[in-house]
Each structure stands twice: as structure tokens, then as C-alpha cells.
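# Build me a structure from this.
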Amino acid sequence: MKPLVLIPWVTGVNSHEEKVAVVNAVGGRAEVVPIRVLLDGRRRLWEADLVLWPGGFSFGDHGGAGTVFAIELQTRLRESVERCLERQVPMLGICNGFQVLVRAGLLPAGDFSSGCTAVLDRNRTGRFEHWRHTPVVLHGSSLWTKGLDGVEIEMPSAHGEGYFQSQGPVVVTATYGSYEGVITYPASPNGCPVAGICDETGRIMGMMPHPERGCEAAWQIYRNGIEAVR
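Got it, this is the predicted structure:
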């Protein structure tokens, strides 16, 4: 049986179809699940082997990128997410999905207990940046980046709020431009060296660039997730 990969869907998200195509191509069984289906119990988030939080503009990004979706995770989907954490279900949030996980407190903490301790702030240019090719260097800190330590892959990026800041230490999984990270624009679309982070276990990861929109080499991130739960 191929691992079940659930992709929660709400109004305004995108790239979910690309995720389905890549997941199915690398050996998973992807399913896009509207939030109403999760809320009424027809599909339970913790039944998944993997959960992917997609990019886009969830609920129109009212109140800030990912804010409303994060509130849904903290409230109406809280029990379901907590059961995922108990089962140690790996999660990956891309772009808006990264913003959702940070605002919900699932990154960098890996649970709801610490609340929101980090932020993905507005790009230093003050505008939405859409780049077809963003050089990203991966760090082998997570199960999603296993075997990719030091590998540079060009991936598309498209976001207006990607400048990562944290109140405490974080585990970095991807940097812009070099392994050490490059702060200056345009090497970093948002002006911050951090392109991705994970929790201490390495199971929950978020990153701003879109591997599902990139070259096949970037698909290894998804392949790693599939292989981790086989």
C-alpha cells in the first residue's frame, strides 16, 4: 500500500495540484481534502501517513499570511493535529503552509504548547517577490532533507511575507544562496538567509520556496518523506 498523503485545502490555497502530481510520481498516494471534510469527520487528518500544507493565500491571508488557517488549526482542528503529533506523522508546509505552521506554533516548537514564537515578516523590499529560479542550499537537518546536506537546487519562490525571525534558536533546513546563507537581496527574495526550518525531531518542516514547482531534483524532498514512512 502506498503511503497516504493528505493535503488540506481551504479557499485561496494553490500548488495543491502540483503536490498531488509529485507525490504520486515519487510513490505516494495523494489526496486533497477540503477543510469541511476534515471538520465533519468524513476524513481525519491523523489517518494520514504524511500531511502537506500547501502554498497560496489561505482564506485570502486576512490578518496576515496564514493567520486564519492557523487559527483553524489551533481551534477546530486542534484535536486532529494533536493526534497527528502523537502518531508522529511527518508534516511539510510550503510557502503559505510554512506561514500557517509558524503562526499556529507548530514551528519551530513542534507542538502547540509554546504558542507562536516566530514570524515570517514582510519581504524587505516591501513587495511580493516572484522568482522562477531561486538558488536554495539544503541542510540535512530533517527527514525531508535527508541525504541532501549541502546540495544546491534552484526552486521557484513566490511570497510577500518570507522574512523569518525567531525569539529562540531554530533548526535550519535550507538557506538562500550558500550553506551559510546570504542575507542580501536578490540572493534572498525576502532579505533573510533562512529559507526553511524544522522542529527538533526533524519531522515537521517548513520552507518558503516551492520544490513541487521546480526541477525533478527538488522532488527528492517529497521522496524522502514517502520513504520515511514506508
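
# all contacts plus neighbour counts: C-alpha atoms, from now on.
Fine.

# centroid residue for this protein?
Gly93 (1.6 Å; CA atoms, centre = their mean).

# tally of neighbours for the nearest residue to Arg29 once chain neighbours are set aside?
Distances taken as CA to CA, 6 or more residues apart in numbering place Leu4 nearest to Arg29, at 4.9 Å, with adjacent residues excluded. Applying other CA atoms under 10 Å, we find 20 residues neighbouring Leu4.

# OK, contacts around Leu4?
Going by CA atoms under 8 Å, 6 or more residues apart in numbering, Leu4 touches 28-31, 48-50.

# can I assume the residue nearest to the centre of the chain is in contact with Arg103?
No: here Gly93 does not reach Arg103: they are 11.8 Å apart, not a contact under CA atoms under 8 Å.

# Which members of the contacts of Leu4 occur in helices, if any?
Among the contacts of Leu4, no residue falls in helices (DSSP state H).

# what ranges do the helices span in the chain?
Here the chain has its helices, by DSSP H, at 16-25, 35-39, 67-74, 78-86, 96-104, 220-228.

# Compute the inter-axis angle for the fifth one and helix 78-86.
Per axes from the mean of the first three to the mean of the last three CA atoms, to 10 degrees, the angle that helix 96-104 makes with helix 78-86 is 100 degrees.

# Pull the distance from the lengthiest strand in the chain to the chain's centre.
As assigned by DSSP state E, the longest strand anywhere in the chain is strand 129-138. Offset of strand 129-138 from its chain centre (CA atoms, centre = their mean, to the nearest Å): 15 Å.

# Which positions within that strand qualify as buried?
Residues 129, 134-138 are the ones in strand 129-138 that count as buried (16 or more other CA atoms under 10 Å).

# Let me see the ranges of the strands in this structure.
4-9, 13-14, 29-34, 50-53, 55-56, 91-94, 118-121, 129-138, 152-159, 163-166, 171-176, 194-198, 204-207.

# Which strands border the last one, and is each parallel or antiparallel?
The reference is to strand 204-207. Using DSSP bridges, the strands paired with strand 204-207 in its sheet are strand 91-94 (parallel), strand 194-198 (antiparallel).

# Also the second one?
Next to strand 13-14 in the sheet, as set by DSSP bridges, lie strand 55-56 (antiparallel).
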